[in-house]
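[1] Test case, fold it:
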Amino acid sequence: MSLSSTPLLGRRALITGASAGIGRACARALSQAGAELVLVARRAERVEALARELPRARALALDVADAPAVARELGTLEIDILVNNAGLALGIDKLSVGDPAEWKRVLDTNILGVLQVTRAVLPGMLARGRGEVVMVGSVAGRQVYPGGGVYCASKHAVRALYEALRLEHVGSGVRFATIDPGMVSNTEFSQVRLRGDSERVRAVYQGVDPLQPEDVAEALVWVLTRPAHVNVGELVLWASAQASTSSVHRRPS
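    Next comes the predicted model:
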């Protein structure tokens with residue numbers, strides 16, 4: 001590749017939740033753009049396999065919800081780009097019958113994980129006077145829907161953290177952004193949320209051409225490669241067939 005095709009050459013990116021779906025697509029896109037990668041995920045075997053596939057990549061098996069491990073493993077790294085992607089949803093139960101243990105897992109990953117990773121990495125960026133922090137949020141951080149209360153609350157929190165960071169560190173040289181996609185297929189999100197029920201997972205995307213992980217990754221590269229005086233703060237991606245979190249046009253079967 002020529003230098004013009006590798007705009008992130010010489011920059012080190014840390015991507016959480018990198019072993020599958022959007023995180024994996026982002027890893028491949030940033031690698032193609034020239035970035036050195038630190039790939040973080042809980043599943044060591046899968047993230048290590050991805051790191052072997054990509055140049056200038058190293059894997060780090062780590063649960064972002066484990067605060068001491070995050071501080072120990074990430075606190076000494078010099079990171080130019082942080083992509084807070086790790087997240088999940090569990091179930092579609094109403095709040096009145098939800099499982100508090102599942103709520104805790106979602107909130108620990110989606111909110112505390114973002115806080116803990118950002119806390120470990122951001123001070124170094126501020127000291128150097130440069131860097132990028134990107135949240136992979138969701139349209140669920142802008143609208144709510146039945147059965148999504150806890151997940152939507154977590155993504156509303158991520159959006160609030162993005163807004164607070166921009167206010168707290170304006171003029172620091174660090175740019176902050178949130179990329180909020182709607183429905184994305186070819187990830188494990190619905191598989192995890194619906195506890196492996198393949199029929200229900202298939203129904204989520206039936207009759208729709210949803211976003212693909214590569215669409216989000218392409219948007220991420222675009223955000224990161226704007227001129228220094230441009231901060232693309234909020235980018236919302238919808239499938240053309242999706243008008244809101246609960247309004248989706250489906251082709252007749």
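[2] mind checking the longest strand of this protein?
    When the chain is parsed with DSSP state E, its longest strand is strand 174-181.
[3] can you list the residues that contact that strand?
    22, 122, 125-126, 129-139, 141-142, 155, 158-159, 162, 165-166, 169, 211, 215-216, 219-220, 223, 231-238 (CB atoms under 8 Å, 6 or more residues apart in numbering). To be clear about C-beta, it is placed using only N, CA and C from the backbone, and glycine gets the same treatment.
[4] just the strands in the chain please.
    12-16, 36-41, 57-61, 81-84, 131-136, 174-181, 234-237.
[5] wait, which of the ones you listed is closest to residue 191?
    When the strands of the chain are compared by CB to CB, strand 36-41 sits nearest residue 191, at 15.7 Å.
[6] In that closest one, which residues are buried?
    36-41 (16 or more other CB atoms under 10 Å).
[7] same deal with stretch 78-87?
    The neighbour-count check on stretch 78-87 (16+ other CB under 10 Å) flags 79-87 as buried.
[8] Can you tell me which of these is nearest residue 110?
    Nearest to residue 110 among the buried residues of stretch 78-87 is residue 87, at 4.6 Å by CB to CB.
[9] Quick check: the closest one touching residue 17?
    Yes. Assessed by CB atoms under 8 Å, residue 87 is found in contact with residue 17 at 6.5 Å.
[10] how close does residue 110 get to residue 189?
    Residue 110 sits 12 Å away from residue 189, going by CB to CB, to the nearest Å.
[11] Looking at those two now, which is surrounded by more residues?
    Counted by other CB atoms under 10 Å, residue 110 and residue 189 do not tie: residue 110 has more neighbours, with 26 against 21.
[12] Just the local confidence number for that one, please.
    On pLDDT, residue 110 comes in at 98.
[13] Distance check, the residue positioned nearest the centre of the chain against residue 109.
    Centroid-nearest residue in the chain: residue 85, 2.0 Å away (criterion: CA atoms, centre = their mean). Going from residue 85 to residue 109 by CB to CB gives 11 Å.
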